[in-house]
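Undergrad: sequence and computational prediction follow.
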Amino acid sequence: MSDENQTPVAPAAASAAPAAAPATPPLEVEPPSRWRVTFNEIIGGSVMISVLAVVLAMVAGGILIAVTDPDVQKAAGYFFARPGDTFVEIWKSVSGAYVALFQGSVFNPTRPDFVAQIKPITETLTFATPLIAAGLGVGLAFRVGMFNIGGRGQMLIAAACAGWVGFTLHLPWGIHMIVAVLAGLIGGGIWGGIAGLLKARTGAHEVIVTIMLNYVAFYLVSFLLRTPILQAPGSNNPKSPPIDSTAVFPDLLGPQFNLHFGFIFVIAATVFVWWLLNRSSLGFKFRAVGINPNAARVAGIDVKNMYVYAMLISGALVGLAGVAQVLGTVQTGFSSGIDAGIGFDAITVALLGRSKPWGIFIAGILFGALKAGGFAMQASQGIPIDIVLVVQSLIVLFIAAPPLVRTVFRLPDPANPKKPKTRTATPASTTTGEAVTAK
Amino acid sequence: MSDSVPSSNVTTNNLAPTGSLPPTEHNHPDAPLGAPARVVVKSWKAPIAFAVFAIGAILLFVAFGRDGDSTFPLSTDSDLIQLPAVVLPTRATGIVIAVLLVLLAAVSAWMVASARKIPLWFMAVFAVLFLIGFLTWASAGQSIPIPGLLIGTVSLSVPLIFGALGGVISERVGVVNVAIEGQLLAGAFVSAVVASVTGNPFVGLIGAVVAGGLVSFVLAAFSIKYLVDQVIVGVVLNVLVTGLTSFLYSQVLTNNATVLNSPPRFDRLPIPLLSEIPIIGPTLFRQTIVVYFMYIAVALVFWGLFKTKWGLRVRAVGEHPQAADTVGIKVNPTRFWNVMLAGAITGLGGAYFTLGSVGAFNKEMTAGAGYIALAAVIFGRWDPIRATLAALLFGFASNLQYVLGAIGSPVPSEFLLMLPYVVTIFAVAGLVGRVRGPAAAGRPYVSS
């Protein structure tokens, strides 16, 4: 949005960024206010990089759309006779795609009434709900130095538990929903906790165990969906009966929108993870283990127990995503595809959000928008929704490599204008220093 | 420690060369540091695992034993040397095997109690016995053709083995390779398109090598040049390649399927004498040329890693890049080229999907094989031969389910499908335990 703004201010931010670790402000005497820190971050570093990364990824996606568009290819066939045609077709295909993406995810002015016009933004939030929940789970595990690829399995087990409570028990309104949510959280937590427990007690690698548990959960739920435990009575399809109306998440904005109460749960979960990581003693131990497990052990932290607790909580958070799917988005009964790939999307959400709770929240909404818009794009422009995966992954790649984005946009390196290599070389040194000073 | 260490402080520099590096999946903080070599740790994990399986065997083979005969044909109709089929009485075999398993479990407990180490062959014997028992039990009154079981195992394992080899090389040189899935998928896609356009599967094979190498190039560029966490790059690359190939498939390939997505397939190429050996011949020597490339690749990677200068350098860079740098090995170029090599090998595995087994490319046709290959790498403790065996185990397990599904097994098919993954969890937790990967895997190297 502001290349003029960016360039002159960057050096000031440059001095601020390295100084953040020792907690001695560079110029002002008074400690920098939170607003000031945020401002510096926006101008100097990560937020601007994030915005530019999104722009870059959208450009790359646009190129892909244009190149594969049959009309563009046709026009390019007589490029030297009438080059204008090619550019017109490129413009048509790319702008058509992105206008559809915007109209499908934020605001659609072509619709007749206001409710229909703002429906896309609520769709975005609906898609974002499970993404944020699962992203929080994966991100929490990242902060403890563990890689939870088991989102799929945890979501499936959580969905099965919550769903089972949802259509088998018959409890009064409200209580039923809470019991179902709790059942889901416990199910997801146990499924994640198995990986943590095995890592802590036997040293089994959590990457292997979570991958394997994905498959185990998938086949277990598939099996249960063929038995009377989960299968809808009188049906031959491997699908569960619909959830009782007492257990479903109520609509937040009325029946004309799909946005459900799960979004409130997700906001609460975000606040909880923020509190856990930044304000609680357990979270401090988590981060210590994540930064340096050996140092954490020497400092008297029970590293093994931290692995178990982290995976329990991580699994429960991912489970919340499964619960939101079953009780919120798909209330008419679920099949074994209920996870809808969210367990894997969550990894990119957590990476984009840099494993920080509010970062994940924003990243989840962005990816929810891409998903909601992607479906609209597929419907109206015939562009396969897979383009969303491309754009998502490019965003994460570019954000993960700020030097690349800076090279593309010819921005100065805020960390060290003269010798870019030595500074970027030790990104972890600041975090280590932070941990030491925090102690 | 993260700041430059004074040059006088040489000892600390040696002991803690990687103080400021971010945690990745290969940190093993609980591993005992510098434990004396003489101490024999009594680990009861193996006997407990054996006991669990033995009890399972008693329940399954004896308590829920089935009557009838289990037939195992050992030859196919086209074999020159015809072996008679083995016929086992189901219940009696089950009882014998259950007793043997209990005995073996008891022996293992005795070995641990008297502080002996349980050898690997002991575990292998146990596993094979359990397997024979299970097959006999599952095929009561039916027949399971052994050659078919093994041939299917090999063909299902091929992409896993190529992927595992790529993973082993990449991780040995110090770059965690989660992008195996992406490399396989890219190899499958490009080889299908190239082979369809040129009409020559060998050109398709080259295309797969290039495609896998390209994915690796991105992995290497981001993780070595831009110092992005390698696991992150790997995961994101998988998503990127999945999205890209699915998008191009829907947008381009489906409209021009005859031109772009009808690759010629490699024919089976029986090796003259070897293919007539009973059981082994049809399994190993009546395969496509990709499979023969795989045998060569496994041997070459093993020999190269452990017997050549190249391998020594690769391992040095992966274990202790600082030391390697000190003796004049260029750490980052070594990593770069070997990660590319790993991607190229993995790409061949991707080509097997389109040119060897399935035919046309399809959306997400690798279906998680890359992640299984990654598990095989860790399961095989970063050793090419062991990783190959682990990949074969996964291949066998998935094929077993097809075979048992075909004869109508008494177990719900979902549990059979689940079996390989459950066994892997048990194996990783009970038998493999704390594995130690290449020390510097996952850590970028920046010379100061």
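TA: Sure thing, it's come through. Keep in mind the model is a prediction, meaning the values are calculated, not measured.
Undergrad: could you use CA atoms for every contact and neighbour count after this?
TA: OK.
Undergrad: just give the number of residues close to residue B:337.
TA: Using other Cα atoms under 10 Å in any protein chain shown, residue B:337 is surrounded by 17 other residues.
Undergrad: whoops, I mixed them up, residue A:410
TA: With other Cα under 10 Å as criterion, residue A:410 counts 11.
Undergrad: pLDDT score for it?
TA: With respect to pLDDT, residue A:410 scores 76.
Undergrad: and if you look at residue B:197?
TA: So residue B:197 comes in at 90 (pLDDT).
Undergrad: pull out the buried positions in the helix or strand encompassing it.
TA: Under the criterion of DSSP states H and E, residue B:197 resides in helix B:180-198. By 16 or more other Cα atoms under 10 Å in any protein chain shown, the buried positions in helix B:180-198 come out as B:180-197.
Undergrad: beyond that helix, next helix or strand please.
TA: Following helix B:180-198 toward the C-terminus (DSSP H and E): helix B:201-220.
Undergrad: so does that next one get close to chain A?
TA: No - using Cα under 8 Å from any Cα of the partner chain, we find that helix B:201-220 stays clear of chain A, coming within 10.0 Å at best.
Undergrad: pLDDT score assigned to residue A:44?
TA: For residue A:44, pLDDT reads 48.
Undergrad: just residue A:20 next, same as before
TA: 41.
Undergrad: equivalent analysis for residue B:7, please.
TA: pLDDT, residue B:7: 38.
Undergrad: and if you look at residue B:208?
TA: 93.
Undergrad: list the contacts for the closest residue to it other than its chain neighbours?
TA: Spatial nearest neighbour of residue B:208, excluding adjacent residues (Cα to Cα, 6 or more residues apart in numbering or on different chains): residue B:187 at 4.0 Å. Under the criterion of Cα atoms under 8 Å, 6 or more residues apart in numbering or on different chains, the neighbours of residue B:187 are B:207, B:208, B:209, B:210, B:211, B:212, B:346, B:347, B:348, B:349, B:350, B:351.
Undergrad: apply 6 Å and report the result again.
TA: Residues in contact with residue B:187 (Cα atoms under 6 Å, 6 or more residues apart in numbering or on different chains) are B:208, B:211, B:212, B:347, B:350, B:351.
Undergrad: among those residues, name the buried ones.
TA: Neighbour counting over those (16+ other Cα under 10 Å) leaves B:208, B:211, B:212, B:347, B:350, B:351 as the buried ones.
Undergrad: quick one: residue B:149 from residue B:75, how far?
TA: 11 Å (Cα to Cα, to the nearest Å).
Undergrad: ok, residue A:252 next?
TA: Distance from residue A:252 to residue B:75, by Cα to Cα: 66 Å.
Undergrad: go on, residue B:166?
TA: Distance from residue B:166 to residue B:75, by Cα to Cα: 34 Å.
Undergrad: look at the two and report which has more neighbours.
TA: Using other Cα under 10 Å, the more surrounded residue of residue B:166 and residue B:75 is residue B:166, with 35 against 20.
Undergrad: let me know the secondary structure of the residue lying closest to residue B:82 once chain neighbours are set aside.
TA: Counting by Cα to Cα, 6+ apart, residue B:75 is the residue found nearest to residue B:82 once chain neighbours are left out, at 5.8 Å. Three-state assignment for residue B:75 (DSSP: H, G, I helix; E, B strand; the rest coil): coil.
Undergrad: tell me if the lengthiest helix in chain B is near chain A.
TA: Longest helix in chain B by number of residues (criterion: DSSP state H): helix B:146-172. No - interface with chain A: helix B:146-172 contributes nothing (Cα under 6 Å from any Cα of the partner chain), its closest point being 13.6 Å away.
Undergrad: quick one: mean pLDDT for that helix?
TA: 90.
Undergrad: do stretch A:388-396 as well
TA: 87.
Undergrad: same deal with stretch B:268-284?
TA: Mean predicted lDDT for stretch B:268-284 stands at 81.
Undergrad: repeat for stretch A:166-175
TA: Per-residue scores along stretch A:166-175 average to 87.
Undergrad: find the centremost residue of chain A, please.
TA: residue A:349 (2.5 Å; Cα atoms, centre = their mean).
Undergrad: secondary structure element holding it?
TA: Using DSSP H and E, the element containing residue A:349 is helix A:342-352.
Undergrad: with residue B:116 instead?
TA: Secondary structure (DSSP H and E) places residue B:116 outside all helices and strands.
Undergrad: and it, what pLDDT?
TA: 79.
Undergrad: show me where the stretch 1-150 of chain B has strands.
TA: B:69-72, B:86-89 (DSSP state E, counting those that start in this stretch).
Undergrad: looking at these, which is buried most?
TA: Highest mean neighbour count among these (mean count of other Cα atoms under 10 Å in any protein chain shown): strand B:69-72, with a mean of 22.
Undergrad: off-centre distance for that strand?
TA: Relative to its chain's centre, strand B:69-72 lies at 30 Å (Cα atoms, centre = their mean, to the nearest Å).
Undergrad: same question for stretch A:334-347.
TA: Distance, stretch centre to chain centre, for stretch A:334-347: 13 Å (Cα atoms, centre = their mean).
Undergrad: so who does residue B:113 touch?
TA: Taking Cα under 6 Å, 6+ apart as the definition, residue B:113 has no contacts.
Undergrad: that one and chain A: what is the separation?
TA: From residue B:113 over to chain A the distance is 19 Å, taken as Cα to the nearest Cα, to the nearest Å.
Undergrad: and the pLDDT at that residue?
TA: Value for residue B:113, per-residue pLDDT: 85.
Undergrad: and residue A:279, how many neighbours does it have?
TA: Considering only other Cα under 10 Å, residue A:279 is surrounded by 12 other residues.
Undergrad: now swap in the one 5 residues further on and tell me
TA: Other residues within reach of residue A:284 by the criterion other Cα under 10 Å amount to 17.
Undergrad: what's the domain layout of chain B?
TA: Partitioning chain B according to automatic domain parsing yields domains covering residues B:1-41, B:45-138, B:151-432.
Undergrad: for the stretch 201-350 of chain B, which segments count as strands?
TA: B:269-270, B:286-287.
Undergrad: distance to residue A:332 for the contacts of residue B:187 - can I get that in CSV?
TA: Shown next, in CSV, are the contacts of residue B:187 (distance: Cα to Cα, whole Å):
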residue, distance to residue A:332
B:208, 44
B:211, 43
B:212, 42
B:347, 42
B:350, 39
B:351, 41
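Undergrad: between these, which is closest to residue B:340?
TA: residue B:212 (7.9 Å; Cα to Cα).
Undergrad: ok, residue B:94 to residue B:443 distance?
TA: Applying Cα to Cα to residue B:94 and residue B:443 gives a distance of 50 Å.
Undergrad: how much space between the residue nearest to residue A:137 when sequence neighbours are not counted and residue B:235?
TA: Nearest-residue entry for residue A:137: residue A:314, 4.0 Å, with adjacent residues in sequence omitted and distances by Cα to Cα, 6+ apart. Counting by Cα to Cα, the separation of residue A:314 from residue B:235 is 18 Å.
Undergrad: repeat that for residue A:319.
TA: Counting by Cα to Cα, the gap from residue A:319 to residue B:235 is 21 Å.
Undergrad: so for these two, which residue has more residues nearby?
TA: A side-by-side neighbour count of residue A:319 and residue B:235, using other Cα under 10 Å, places residue A:319 first with 40 against 22.
Undergrad: OK, contacts around the more buried one?
TA: By Cα under 6 Å, 6+ apart, the contact list for residue A:319 reads A:154, A:155, A:158, A:184, A:185, A:188.
Undergrad: so the fifth one sits against residue A:314, correct?
TA: Just to be clear, that refers to residue A:185. No - contact between residue A:185 and residue A:314 fails when scored by Cα atoms under 6 Å: they sit 9.9 Å apart.
Undergrad: intersection of neighbour lists for those two?
TA: Common contacts of residue A:185 and residue A:314 (Cα under 6 Å, 6+ apart): none found.
Undergrad: got the contact list for residue B:133?
TA: In this structure, residue B:133 makes contact with residue B:94, judged by Cα under 6 Å, 6+ apart.
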